[in-house]
Structures are given as structure tokens and as C-alpha cells.
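[1] The following comprises the amino acid sequence and a computationally predicted model.
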Amino acid sequence: MTDVDGVSMYVRQDGPHDAPAVVLIHGLGGSTRWWDAVVPVLAASHHVLRADLVGHGRSARPTGAGYSIPEQARRVGLVLDRVGVRHAVVVGHSTGGYVATALAEQRGDLVTALTLIDTGPSMGAFISDGPFGKLLFLPGVGQLLWRVRSDSIIRKGLSTAFSRPGYEIPQQLVDDVRAMTYHSLTEASRASDDYLTQRALPARLAAIGRPVLVIFGQDDRRWRSSSSTTEYRGVPGARVELVAGVGHSPMLEDPRRTAALISGLADTVR
């Protein structure tokens, strides 16, 4: 645990500390544990850093403000400064991709390259969070649903994040969602929408001018993979990988393939 601007954050480090750094940022409702399956491969030759964003996992869940994407990104940058990382390939899953992009916008000196995993490029590519997600944001209904949430309800909400046949959602992912407060969940979600509405991600990436790898599950049920990858291919120099047989969370559904793609980019920008 480390204190960042008076807010407690949980941070993990794996692999040799003198190796090139790779930073992994989870999405809405997630935690550092969403990366567990890819870390052993990455940590063999990289210094891998993960942090629970504020409001998530084992980090603090403040009741006030502080959930905006730029604020989350700034805290990640401060964490990296504290552990002595000067340059890093930053990887973000889903809404974590917005935090990764915002960090690159703020700290061009720090971010050498970006990998975005099933991060929606614009609101026009959005499909749905599923019926559970829709109900959560209805006034009154959402708070009630959150108070009575069960593992079964949470699993239904998480189900749209996976498409690989036979994939079973680990209990630890359910526990991550259960640990969140309703305030943290809704504020973090609104912050992501605000960031994307202000400016589409391809335009932000083009302005940043860093190497970009986009990984998208072909069967993503939250974002249209075909239109999303088309938008990202318009970013100068971007490499887009469409992964067959998986959905919104390739690092869990196909960790070997995902780790190889991340490592490939990290090795080219050393």
C-alpha cells in the first residue's frame, strides 16, 4: 500500500526491477487480479507494475470527487515516479485504456508506447453493458439493486465481458465488484463516459504520437469490434490485432496470445 495525495493505493511489482517497465491498468470494476494470467510471462523479462485504481480493489474508495480519468492517470504517474520508473509501456484494459491514454497525454516523458485492450474508441461503437449494467444507473433502482447484489447477479453483469466458450468467471473477479461502493462504481463509469465524449480516443492517440498496439476480441459484446478496429486503424502508425474466439477480456480468455502481443510491443521500444 502507498499513499498518493492522501489516498491509499494498492501497488504490485513483479519481475526484475532493472528490466524495461510494463504498466498494467485494469478496467471498471476490476483490479490488479485481472492481469494475473499474463504477469508470469511478462515478468520473465520485464518489470511489471500494477495498481488498483482509486475506488477499486484494495485501494481507497473516497466518497467525494477524484474519479475523473485525468486524476486517475495522474495518480498512476505519481506511483511510477515513487518507484523510480522513468519510461514504461502502458497497457490498459477497457476503461483502463482511457487512464493509460490520459497518462500519455500528461506524461509524454514517461510513456514510451501504449497498448489498449478492448477499449472503446468512441461512443458510437458501444453496444451495451447488458441488462444489469443498464439498471445500475437508474435513479433509485440502481442503489436498491446494489444493496441486494448477490454473486449470481454480479456474474450476470460480468458475463458480457467474456465470450470464449466454456469460460468460467473466477470468484476473485466477482469479489472485486462486490467490494466496490455504489458511489465508486457510478462515479468511475461516468468519468469514463465524460472522457470519451470530450474527445474520441483515435484523435487523442494521433495527437500523442506514441506507438500504439490495439488488441480487440473479435466477439466483444460491449464494443463493436469491427467498427472499433476500423476507427483505430485510422491512427497513424497504430497496429491493430483482432483476436478470434474471445470477447472483451483477451488477457483472461487467451492470456498466452495477449501476453505475447504485449511483450512484442515492449521489446520493440526498449
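    Cool, got the structure.
[2] in this structure, which spans are strands?
    Assigned by DSSP state E, the chain shows strands spanning 2-4, 7-9, 11-14, 21-25, 47-51, 88-93, 111-117, 212-217, 239-243.
[3] Let me know which of the ones you listed is the nearest to Val174.
    The closest of the strands of the chain to Val174 is strand 88-93. By Cβ to Cβ, the value is 17.2 Å. Where you see a C-beta, it was placed from the backbone N, CA and C, and this is true even at glycine.
[4] For the closest residue to Gly142 other than its chain neighbours, list the residues it contacts.
    Spatial nearest neighbour of Gly142, chain neighbours left out: Leu136 (4.5 Å); criterion: Cβ to Cβ, 6 or more residues apart in numbering. Shown in contact with Leu136 (Cβ atoms under 8 Å, 6 or more residues apart in numbering): Asp129, Gly142, Leu145, Trp146, Gly157, Leu185, Thr186.
[5] For Ile69, see how far away the third one is.
    This means Leu145. 25 Å (Cβ to Cβ, to the nearest Å).
[6] Likewise for the fifth one?
    Distance, Gly157 to Ile69, by Cβ to Cβ: 22 Å.
[7] Next: the last one.
    As judged by Cβ to Cβ, Thr186 and Ile69 stand 15 Å apart.
[8] so where is the stretch 51-200 of the chain shaky, pLDDT-wise?
    130-132 (pLDDT under 70).
[9] okay, Thr186 and Ile69: which has more neighbours?
    Ile69 (25 against 18; other Cβ atoms under 10 Å).
[10] From Thr32, how far off is that one?
    Distance from Ile69 to Thr32, by Cβ to Cβ: 19 Å.
[11] Same check on Gly166?
    For Gly166, the distance to Thr32 - Cβ to Cβ - is 25 Å.
[12] out of these two, which sits in the more crowded spot?
    Thr32 (23 against 4).
[13] contacting residues for the residue lying closest to the more buried one once chain neighbours are set aside?
    Nearest residue to Thr32, sequence neighbours excluded (Cβ to Cβ, 6+ apart): Arg50, at 4.0 Å. Neighbouring residues of Arg50 by Cβ under 8 Å, 6+ apart: Val11, Arg12, Gln13, Val23, Leu24, Ile25, His26, Thr32, Trp35, Val39.
[14] 10 Å - rerun?
    Arg50 makes contact with 10-14, 22-26, 31-36, 39, 57, 79, 91 under the criterion Cβ atoms under 10 Å, 6 or more residues apart in numbering.
[15] now do Val177
    Taking Cβ under 10 Å, 6+ apart, one finds 28-31, 56, 149, 151, 153-155, 157-158, 185 in contact with Val177.
[16] do His248 as well
    27, 93-94, 117-118, 120, 127, 158, 160-163, 216-217, 219-223, 225.
[17] just Ser8 next, same as before
    With contact set as Cβ under 10 Å, 6+ apart, Ser8 has these partners: Met1, Thr2, Asp52, Val54, Arg58, Ser59, Ala60, Arg61, Pro62.
[18] Check the spacing between the fourth one and Gln72 real quick.
    Between Val54 and Gln72 the distance, using Cβ to Cβ, works out to 6 Å.
[19] overlap in contacts of these two?
    Contact criterion Cβ under 10 Å, 6+ apart; residues shared by Val54 and Gln72: Gly66, Ala188.
[20] Show me which of these two is the more surrounded one.
    Between Val54 and Gln72, Gln72 has the larger neighbour count (other Cβ under 10 Å), namely 27 against 24.
[21] which residues does the residue nearest to Ala88 when sequence neighbours are not counted form a beta bridge with?
    Nearest residue to Ala88, sequence neighbours excluded (Cβ to Cβ, 6+ apart): Ala21, at 3.9 Å. Beta-bridge pairing of Ala21 under DSSP bridges involves His47, Ala88.
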